[in-house]
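J.: Show me how the following folds:
(chains A and B)
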Amino acid sequence: MSADLVILINILFYLFGFSFLLFKRNQLSEQSIGLLSIFINFIGVLFSMGIRLSDISGDVVSYNWFYISDKLFTIDILLNDLTYLMYFLVQFIALWVQVFSLKYMHGDPSFGRYYAYLNLFILAMIGIIISGNLLMIFMFWELVGLSSYLLIGFWYEKKAATNAAMTAFLVNRIGDIGFFIGILLIYRYFGTLDVTTIVKKAQLMSVISLNSPIMTTIGLLLFCGCIAKSAQLPLQVWLPDAMEGPTPVSALIHAATMVAAGIFLMARIEPVLSPDTHLVMAILGMLTMFFGACSALLQYDIKKLLAFSTISQLGLMVVGIGVGAVNTSLFHLVTHAFFKAGLFLSAGAVIEHLHHEQDMRKMGNLRREIPIIYYSFSICAAALAGIPFFSGFLSKDAILVASFEWASHQSKQIYFIIPTVCLVVSGMSAYYMMRQVFLVFLEREDNPLELISSGAKSLYKNMAKRIEGIVNIEEDEERQQAEIRHSEEDLLGFLSKIGSMEVSCIIMAIASIGFVFAKNPFLPESSWFFNTFHHEAKSYQWISYIAILVALNGVLLGYIFTKDESYQLNHEELEPKGEIANMMFKNYYLSEIYQIVFVRPLLWLSPKIYLFDRKIIDGVVNSIGNMTIVWASFSHWFERNIIDSFVGLVANTSAKIGSFTRQIQNGKAQTYIITIFVCLVLIMILLIVK
Amino acid sequence: MLEKLTHILFSSRVLLPDLLFGVVFLVIVAAIAFSQKLDAERTYVLINVLIISVLISLGFVFYAFFGFYTQYLESGSVLFGKLIYLDSIGLYFKLIISIASVSVLIHVWVVGYKVVGEFYAMFVALVWGLFIMTMTTNWLMLYVSLEMVSVCSYILVVFNKGKDNSEAGIKYLLFGASSSAIMLYGISLLYGMTGSLNFVGQEFATFLGQNPSWIVQITVFMTIGGLLFKLSAVPFHSWTPDVYEATPTPIVAFLSIAPKAAVIIVLIRLFSSLNIDFRMILAVIIMASIAIGNFSALWQTNTKRMLGYSTIAHAGFMLVGLLATNTIGIQSTIFYITTYGFITLAAFLLIDLLALKTESYELESLQGLGQENIFLGLAAVIIMIALVGLPPTVGFTGKLLLFTSLWGSYQTSGSNMLLVVLIFGLLNSAISMFYYIKIPYYMIFKESKIGVRRSQIGFIRNGFLLIFLFFIIYLFFSPSGLLNLIETLKLV
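T.: Coordinates of the predicted model:
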């Protein structure tokens, strides 16, 4: 089977999963729903791996779709390395999210509907990934918007959830308008919607023509779509609100499906973007990253903190594209997908464990209760914080280095502000992750240094005992056996705690370890990712050491400040003290500002427009209607008296003629025969007279 | 002598498929004669065997002609000393007659008429007579075959042995005998004028042209009297309503298409070889038929009787193409009669199915039937507007072609008479609406007074009706296939 066929079949599977589960959602049991959905997803993952092996890259498969006059529109499937990567990534993460949901959504009355929507979501995202032309991308883009709307508002009995879904949908529409205008302009300018053709044409352009106002407009309009979908600065309000949806959905949205779509789109069409667009992206990404991180510093809600951290990380990716290092951004997209999925799934497990309590101030000491979650969360958090040996360090470092390199090529020194902010933000992310780990898992009095040292000590002791045991093998065999039995029991106890949730978290945590991506966890260039997607840092490699330093400092500061903070925690207080802190906590009052600037005037205006519609337009329509009625009554009179009487005349005449002709038919055979002869004679007379 | 013998042998060989009918007829008669006292089950088997043998003999004709006699068809061949002409147009009419026969046999079977074995013998003889009619150009042969058809028809009409049947049969017989007598008298006059019995021959036309025009016209009119009787055109129409009302529906359905098709082919042969101006009489016949058929039908309350009058009107329409006296006119006549076959068979099947529910052929009894069974309601609408000649049914296409050819003929000849016929025909199509629409009107808009009727129509009957409906609609949307076929037909 060719790769495009495999992909089409795969998409049909998801479509089948969606429709089947939606129609049968009330008939099927939870087990069968989950099994079917996960089976479909598992097949998808297998397919995606199979495609990678078949390895026919850089290939566009086209099917004719429809004509508008003589313009052919096609269905294109673009098969290159980026497609393969994202195709695998999305389905892999979705698989574990689905496994996680088995337990998380257990007992929910709308279990079937949930899995149906998940299938639609994956289908839409895969659609964006494989699409080879902008029209198809736009269609699946809208489908992603729709499915996110359905999933965020999944618990539609909750007012907050429906509001959040509405916000997400409307905000995305704003971005989509820009994106759509951008697509139309591209069609106007390039005469095609085929991505590969557009990219080729753009690459052949000279720098001057690429930097023309029209290209900048196109770039900015396309970026609009990314701003809305990937939650960049003015439109990021929907993402924190979207936390009202089920937690596994948040994991899916933040890791692989929705917010990744914007970055993915930018990466696909990067050569089209003019230098000015790049600059705008870098600045906007920087601002998003900084403000997102600031907001994350002060959150109390376990999920909201993660949401703001996502905004911040997405900002970093946009900076990466803005400075022209697309592949580093993609690398960060991949690593971020794994550790953010891990974080959200672990957070979901915590929330589940605490019976849907999300306030971090009321948590703590969970390290002993759910150790597996603790470890996986810590690994993912370390990855996010940019600690060496974890995946986040590699990708962040690559972006940092690339941005420093970019700044050094610019004419003015002021451009160094962007990499510097990146560095600061990476410290801030280390701070808030440490804060979260501390508040959620550690005892308030715990000292991580002690923990690490005691852990090391016990490990050393164990090993020492083992060695001792090996040395004194004859002496205390019994004791040793008891110990082995003891450790076996420990292991069994540990294993017995592993359910579907824990498995998903563990998988994500493993995927967040640096060795998965690179042989040398200090050198991003050694990763397999950059073997396929070429990127090389030529200078500023030393930045990575500063980054390590900043991250570790962030962790340390986070620990110290949170420890201080934890003594003064006030559970009743809803907002942090201080104007600036409050502003950051409330996401800079953006929602409130939008409420005042856009929503209120609309609400004020709409009754006026309604009245206008009612009085003026309806008045005109009604008077036209009245005129029609008058005319109709006239024509009715005409119909009644003139036409009907004419028809009646015809009918009466026909009936009279009929009653005459009928009289010949009196049933007597002799009359019939006489008729013939009379007719014969008549015809003779007729002919003779003529 | 030897030459003649060889010719006769050759002719018999070529006409073998038609001669098979005689064999089948004899076999059927023998089978019936020796199986009078069979029990019910064996009678059932026997009747099935009879049906199959009729079908086989019909099938064999076409198999033979399409299979290994094509060379005789292409140029046309003359058999039995100019008694029989074989040509493609005749074969096409045989096809129409065969379709009608098969459909009538199925009609009898699906509606469940109890018929005795003789029915099939008579039916075979009737079909054989019609087949000979489509092939002959000899007055004597024509007369013999016409009488064969007539006699079989008389017997079939009285088959039910009821009082009404006998009355209708006697009227039919008397009327038919009179018509034949007139026809025979006409033939004798023609023979006296020309000394020839073969009406497509050159000498026949030449000698005929030497006589005064009005004498020839009257003679020809008398001669075609027997044909007009079969066509139930005015003034030879009077038998139609009585016979249609009393006779079993499948036989009526057959009489409303098959003999008419045979008559039309004879008339086509006759008028394309005669070079006399016969349009005057033809126009009178057409207008009188259409007028009397339509106006009398307005008053009818019995659906079968109403359809009887409707066939009189349609006989008038069939002659319109001959009035046009051009190739397009003949082709549109052939198209019209083909499509009219589908429509009339469907119409009689429909009223029979309705009668299964209501056990009556009265219009009043149809009240509310369409609301009860929406399929029958729709079928009634489609068939009746096809009879009127409205789109989207093939009835419209047929009438359109006829009147187009008439208009073309008017354009070339400039005869006002043709224009009068054209306008009169169009107006009458509108008038016919009044009574055709009554059936669906009663079925759909009137409320039923006696409540829901129990009996079900069943899948096979509905399916059989659906086949006709399909052709009625399909031929409207793509008539080109049938038209192309008709264009390839050739006279000898």
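J.: What residues sit buried inside stretch B:382-399?
T.: Across stretch B:382-399, burial judged by 16 or more other C-beta atoms under 10 Å in any protein chain shown covers B:382-390, B:393-399. Glycine gets a C-beta too; all of them are placed from N, C-alpha and C.
J.: For that stretch, the averaged confidence score.
T.: Averaging pLDDT along stretch B:382-399 gives 91.
J.: Outside of that stretch itself, list whatever touches it.
T.: The list of residues contacting stretch B:382-399 from outside it, by C-beta atoms under 8 Å, 6 or more residues apart in numbering or on different chains, reads B:310, B:314, B:317, B:332, B:335-336, B:339-340, B:342-344, B:346-347, B:350, B:429, B:432-433, B:436-437, B:439-440, B:468-469, B:471-473, B:475-477, B:479.
J.: so where do the helices sit in the stretch 501-650 of chain A?
T.: Ranges of helices in the stretch 501-650 of chain A, per DSSP state H, counting those that start in this stretch, are A:514-517, A:528-532, A:543-567, A:579-585, A:590-594, A:600-612, A:618-638, A:644-664.
J.: What subset of the contacts of stretch B:382-399 is buried?
T.: B:310, B:314, B:317, B:332, B:335-336, B:339-340, B:342-344, B:346-347, B:350, B:429, B:432-433, B:436-437, B:439-440, B:468-469, B:471-472, B:475-476, B:479.
J.: As a check, name the ranges of all strands in chain B.
T.: Assigned by DSSP state E, chain B shows strands spanning B:77-79, B:84-86.
J.: Show me what the mean pLDDT comes to for the first one.
T.: Computed over strand B:77-79, the mean pLDDT rounds to 78.
J.: how far does it sit from the chain's center?
T.: 25 Å (C-alpha atoms, centre = their mean, to the nearest Å).
J.: likewise the last one?
T.: Taking the mean of its C-alpha atoms, strand B:84-86 sits 20 Å from the chain's own mean (C-alpha atoms, centre = their mean).
J.: again with stretch A:309-329
T.: Going by C-alpha atoms, centre = their mean, where stretch A:309-329 is centred and where its chain is centred differ by 17 Å.
J.: What is the subsequent helix or strand relative to the longest helix anywhere in chain A?
T.: Identified as the longest helix of chain A according to DSSP state H is helix A:159-190. Counting by DSSP states H and E, the next helix or strand C-terminal to helix A:159-190 is helix A:195-204.
J.: as a whole number, average confidence for that following helix?
T.: In the prediction, helix A:195-204 has an average pLDDT of 86.
J.: Check stretch A:90-100 too.
T.: 89.
J.: which residues are in contact with that stretch?
T.: With C-beta under 8 Å, 6+ apart, stretch A:90-100 has contacts from A:34, A:37-38, A:41-42, A:44-45, A:48, A:115, A:118, A:121-122, A:125-126, A:129, A:248-249, A:251-252, A:255-257, A:260, A:337-338, A:341, A:345, A:348, A:500-501, A:503-505, A:507-508.
J.: still on that earlier bit, mind checking which of the buried ones among the contacts of stretch B:382-399 are in helices?
T.: B:310, B:314, B:317, B:332, B:335-336, B:339-340, B:342-344, B:346-347, B:350, B:429, B:432-433, B:436, B:439-440, B:468-469, B:471-472, B:475-476.
J.: Isn't A:I510 up against A:V503?
T.: No - with contact defined as C-beta atoms under 8 Å, A:I510 does not count as touching A:V503 (10.7 Å).
J.: For the closest residue to chain A within the stretch 301-450 of chain B, the count of nearby residues, please.
T.: Nearest residue of the stretch 301-450 of chain B to chain A: B:I431, at 5.3 Å (C-beta to the nearest C-beta). Applying other C-beta atoms under 10 Å in any protein chain shown, we find 22 other residues in the vicinity of B:I431.
J.: just the one 10 residues further on next, same as before
T.: By the criterion of other C-beta under 10 Å, B:Y441 has 17 neighbours.
J.: for chain B, what helix or strand is lowest in average pLDDT?
T.: Least confident element among the helices and strands of chain B, by mean pLDDT, DSSP states H and E: helix B:70-75 (a mean of 66).
J.: With chain A instead?
T.: helix A:477-496 (a mean of 68).
J.: Low-confidence bits of chain B, can you list those?
T.: Chain B contains residues with pLDDT under 70 at B:36-45, B:60, B:63-75, B:451-455, B:492.
J.: Angles on the backbone of the residue most central in space within chain B, please.
T.: Compute the mean C-alpha point of chain B, and by C-alpha atoms, centre = their mean the closest residue is B:I257, 2.4 Å away. The phi and psi values for B:I257, taken as degrees, to the nearest 10, are phi -130, psi -50.
J.: need the residues of chain B near chain A, please.
T.: Contacts of chain B with chain A, taken as C-beta under 8 Å from any C-beta of the partner chain, map to B:170-171, B:174-175, B:178-179, B:182, B:214, B:217-218, B:221-222, B:225, B:234-236, B:238-239, B:241-242, B:280-281, B:284, B:291-292, B:294-299, B:431, B:434.
J.: what secondary structure does A:I75 sit in?
T.: Under DSSP: H, G, I helix; E, B strand; the rest coil, the three-state class of A:I75 is strand.
J.: got the contact list for it?
T.: A:S62, A:Y63, A:N64, A:W65, A:M136.
J.: Could you check the angle whichever strand or helix holds A:F393 makes with helix A:543-567?
T.: Using DSSP H and E, A:F393 sits in helix A:391-409. If you take axes from the mean of the first three to the mean of the last three C-alpha atoms, to 10 degrees, helix A:391-409 sits at 120 degrees to helix A:543-567.
J.: returning to that earlier point: where among the helices of the stretch 501-650 of chain A is average confidence lowest?
T.: Minimum mean pLDDT among the helices of the stretch 501-650 of chain A: helix A:579-585, a mean of 72.
J.: and it, what does it pack onto?
T.: helix A:275-297 (3 or more C-beta pairs under 8 Å, 6 or more residues apart in numbering or on different chains; DSSP states H and E).
J.: Just want the angle from the next helix or strand after the helix it packs on to helix A:275-297.
T.: Remark: after helix A:275-297, the chain's next helix or strand is helix A:302-322, criterion DSSP H and E. Relative orientation of helix A:302-322 and helix A:275-297, computed by the same axes, to 10 degrees: 160 degrees.
J.: which parts of the very next helix or strand once past helix A:302-322 are buried?
T.: As assigned by DSSP H and E, the chain's next helix or strand after helix A:302-322 is helix A:326-353. In terms of neighbour count (16+ other C-beta under 10 Å), helix A:326-353 has its buried residues at A:326-352.
J.: on that earlier part again, quick one: the longest helix of chain A to chain centroid distance?
T.: 13 Å.
J.: tell me the mean pLDDT over that helix?
T.: Across helix A:159-190, the per-residue pLDDT values average to 88.
J.: Okay, angle between that helix and helix A:195-204 too, please.
T.: 60 degrees.
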